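A.B. asks: Here's a sequence, model it:
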Amino acid sequence: MKTALSIKDAPRIDEDSVDLLTGRQHQILNLVSIGHTNREIAIMLHISVRTVEVHRFHLMRKLNVRNVAQLLRRALQLGHLSPSLMRSQASEPGIGKVELGVGYARRLVKRK
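C.D. replies: Have a look, this model is predicted:
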């Protein structure tokens, strides 16, 4: 049976580089998986947007992917993300709320 997560269809990647994901890259991967933007991630982790971009770049290079859809697919294939964890995090109250400045917050739109 062929599925979207079939590992045999995935391009070969260096397994050692996957094991070398940093703790910060895992944090960013989890936040990306529930739909946060670079800016929101930067605010949550108290780092610059550019630092988030660099972490995402290195993460995507290590996993040999070109976009977020491929990143999430590969992370699921390799066991770095759990589909049930992604769903539960996205539905928890307060997860989508991020302070973006003085006096207001933005709520992420839930995607179906």
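
A.B. asks: Could you pull up the residues touching residue 58?
C.D. replies: By C-beta atoms under 8 Å, 6 or more residues apart in numbering, the contact set of residue 58 is residue 25. C-beta: built from backbone N, CA, C; applies to glycine.

A.B. asks: mind checking the SS state of it?
C.D. replies: Put simply, residue 58 is helix when judged by DSSP: H, G, I helix; E, B strand; the rest coil.

A.B. asks: Read off the pLDDT value for it.
C.D. replies: pLDDT recorded at residue 58 is 95.

A.B. asks: Return the distance of it relative to residue 82.
C.D. replies: 22 Å (C-beta to C-beta, to the nearest Å).

A.B. asks: ok, now residue 31?
C.D. replies: According to C-beta to C-beta, residue 31 and residue 82 sit 15 Å apart.

A.B. asks: and the two? which has more neighbours close in?
C.D. replies: For the pair residue 31 and residue 82, the greater number of neighbours falls to residue 31 (20 against 13), based on other C-beta atoms under 10 Å.
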